[in-house]
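[1] Show me how the following folds:
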Amino acid sequence: MSALIAAAARLQAVLWRETEVAGAAPLPVLRALMEEKREAMVALSHLGPPDSEVERVALRRMAAAAEENALVLGAVADALDTLRQKLRTDLSEAANPGVYGPQGSAFPGPRKRPLRHTLAASLDRTA
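    Down below sits the predicted model:
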């Protein structure tokens with residue numbers, strides 16, 4: 001087996017593992033797979049172009065795995081962005097005393113915000 005085929009197979013295996021766990025793995029696992037993927041890509045980039053049809057097939061398989069990986073990671077990123085926006089909206093509403101606080105003029109004078117509103121506003125700003 002040539003070095004190019006081995007490098008393409010290594011990268012393909014990492015891509016498959018990352019694709020498989022993308023939706024459920026904890027972030028440290030994904031970070032480790034991303035680093036392993038980076039190392040495999042660097043190793044592959046140091047090799048020259050394919051010399052044989054077998055090497056070209058190995059690269060096509062790796063490219064197909066990379067495309068599937070990109071689609072899955074894109075879907076995960078979209079889901080996380082949707083969750084982030086929902087969290088930001090929910091925290092913003094929780095920090096708004098007009099949403100959860102007393103309404104109308106039944107409470108004259110300046111209204112003091114409960115601590116939970118201050119914390120929610122801090123969380124929203126950093127979310």
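[2] Neighbours of E68, how many?
    If you count neighbours by other C-beta atoms under 10 Å, E68 ends up with 13. From N, CA and C alone the C-beta is placed, and that goes for glycine too.
[3] Ok, T19 next?
    19.
[4] where does the chain have low pLDDT?
    96-127 (pLDDT under 70).
[5] center of it - which residue?
    A77 (4.5 Å; C-alpha atoms, centre = their mean).
[6] how near is that residue to A9?
    Applying C-beta to C-beta, to the nearest Å, the value for A77 to A9 is 27 Å.
[7] W16: helix or strand, and which one exactly?
    helix 3-21 (DSSP states H and E).
[8] number of nearby residues for the residue nearest to G48 when sequence neighbours are not counted?
    If the residues on either side of it in the chain are set aside, G48 comes closest to L4, at 7.6 Å by C-beta to C-beta, 6 or more residues apart in numbering. For L4, the neighbour count with other C-beta under 10 Å is 20.
[9] contacting residues for L4?
    L44, L47, G48, P50, D51, E55, A58, L59 (C-beta atoms under 8 Å, 6 or more residues apart in numbering).
[10] for the third one, phi and psi?
    When you say that, I think you mean G48. phi -80, psi -170 (degrees, to the nearest 10).
[11] any chance you could map the helices in the chain?
    3-21, 27-45, 53-95, 97-100, 115-126 (DSSP state H).
[12] Out of those, which one sits most buried?
    helix 3-21 (a mean of 18; mean count of other C-beta atoms under 10 Å).
[13] And T82, how close does it get to V76?
    Where V76 is concerned, T82 sits at a distance of 11 Å (C-beta to C-beta).
[14] Repeat that for R60.
    Remark: distance between R60 and V76 (C-beta to C-beta) = 25 Å.
[15] Same question for A70.
    Distance from A70 to V76, counting by C-beta to C-beta: 11 Å.
[16] repeat for A32
    For A32, the distance to V76 (C-beta to C-beta) stands at 16 Å.
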